[in-house]
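# below are the sequence and a predicted model for it; my questions follow.
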Amino acid sequence: MLEPSLYENQVSDIIEAQNGDKSAMEKLINNNNGLIWSIVKRFIDRGYETEDLYQIAVIGFMRAIKKFDTSFEVKLSTYAVPYILGDLRRYMQTEGPIKISRSIKELLYKISELEKEYLKKGKEASIEEIANEIGVSKEDIVMALESKKPVNSIYENESDEEGLSLMDKISTNVDEQTLIANKLTISELIENLEEKEKQIILLRYFRGKTQTEVAKVMGVNQVQISRIEKRVLELMKRKLTDDSAITA
């Protein structure tokens, strides 16, 4: 858990670093090293070299220092979080989607082949049908399909009929990027959902399916999907709001 309030920085050090003082810049990096690593650790298991992620995070932190206005009523550590997150996301976008394991790649191949067989018969295979045919759980199928999505899919609006992303749907009046970095990630929120709720969110916001398509996959009607989705989004939003009160 990140707590930017724990990272105090002298205004004089910030000004000196902005003026090109390398020792002042190094001091600020060292003072905030715990913060930087706390953010980096959220991306470690995605197939990228840890040292590369750390270096990118440091660059993001240095960019924040250069742009920081010492008259801001905000701590440098809090101000720097979105810069660090942004640079890490851009790096991973440039490098490509999240790298996946060989077992997931093999599962994706089996899914692709099975989907082709169904299409030849003039129909689309449901998640349940694929899971039964391959002999794995529906959750494994959903997670395998999700692994092909870009890391920033929660911010994209292409997946929703209203042009809203998952982040938009659970948005609050606080600085979500800082909040997520400080207390809770979206993936952790999803992980804590019940299996049916998790599958709906993954299909809707990571696979880009409409409520009608999700209903077809899960064998229920669209009204049920709409009701569950609304309840889950409210729950996630409330959780973010509650956590913001804790970290305030």
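Yep, it's here.
# in this protein, what helix or strand scores lowest on average pLDDT?
helix 176-182 (a mean of 46; mean pLDDT, DSSP states H and E).
# my guess is residue 50 meets residue 37, correct?
No. Judged on CB atoms under 8 Å, residue 50 makes no contact with residue 37 at a distance of 9.6 Å. Every C-beta, even on glycine, is put in place using the N, C-alpha and C of the backbone.
# and residue 191, how many neighbours does it have?
9 (other CB atoms under 10 Å).
# same question but for residue 38, I mixed them up
With other CB under 10 Å as criterion, residue 38 counts 19.
# mind listing the strands for the protein?
Counting by DSSP state E, the chain has no strands at all.
# mind giving me the domain split of it?
With domains defined by automatic domain parsing, the chain comprises 4-95, 101-147, 152-248.
# quick one: the helices in this protein, in order.
11-18, 22-31, 33-40, 50-67, 76-95, 102-120, 127-134, 138-146, 166-169, 176-182, 186-191, 195-205, 211-218, 222-247 (DSSP state H).
# and those, which one averages the lowest pLDDT?
With a mean of 46, helix 176-182 has the lowest mean pLDDT of the helices of the chain.
# quick check: residue 17 touching residue 65?
Yes. Counting by CB under 8 Å, residue 17 does reach residue 65; the two are 5.4 Å apart.
# got any residues that touch both of these two?
25, 28 (CB atoms under 8 Å, 6 or more residues apart in numbering).
# how near is residue 83 to residue 89?
Distance, residue 83 to residue 89, by CB to CB, to the nearest Å: 11 Å.
# more neighbours: which of these two?
residue 83 (21 against 17).
# OK, contacts around that one?
The contact partners of residue 83, by CB under 8 Å, 6+ apart, come to 60, 61, 63, 64, 67.
# of those, select the buried ones using a PyMOL command.
Command for PyMOL that selects the buried part of the contacts of residue 83, burial taken from 16 or more other CB atoms under 10 Å:
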select buried, resi 60+61+64
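# list just the nearest of the contacts of residue 83 to residue 144.
residue 60 (30.8 Å; CB to CB).
# once you drop chain neighbours, what's closest to the closest one?
residue 87 (3.4 Å; CB to CB, 6 or more residues apart in numbering).
# check residue 54 too.
In space, residue 54 is closest to residue 40, 5.3 Å off (CB to CB, 6+ apart).
# for that neighbour, grab the count of nearby residues.
For residue 40, the neighbour count with other CB under 10 Å is 21.
# can you name the residues that contact it?
50, 53, 54, 57, 88.
# any idea how far the residue nearest to residue 143 when sequence neighbours are not counted is from residue 24?
The shortest distance from residue 143 to any non-neighbouring residue, by CB to CB, 6+ apart, is to residue 202 (7.4 Å). Per CB to CB, residue 202 is found 45 Å from residue 24.
# check the gap between the residue located most distally from the centre of the chain and residue 92 for me.
Relative to the centre of the chain, the most outlying C-alpha is that of residue 121, 36.7 Å out, by CA atoms, centre = their mean. According to CB to CB, residue 121 and residue 92 sit 38 Å apart.
# likewise for residue 45?
12 Å.
# so for those two, which residue has more residues nearby?
More crowded of residue 45 and residue 92, by other CB under 10 Å: residue 92, with 21 against 10.
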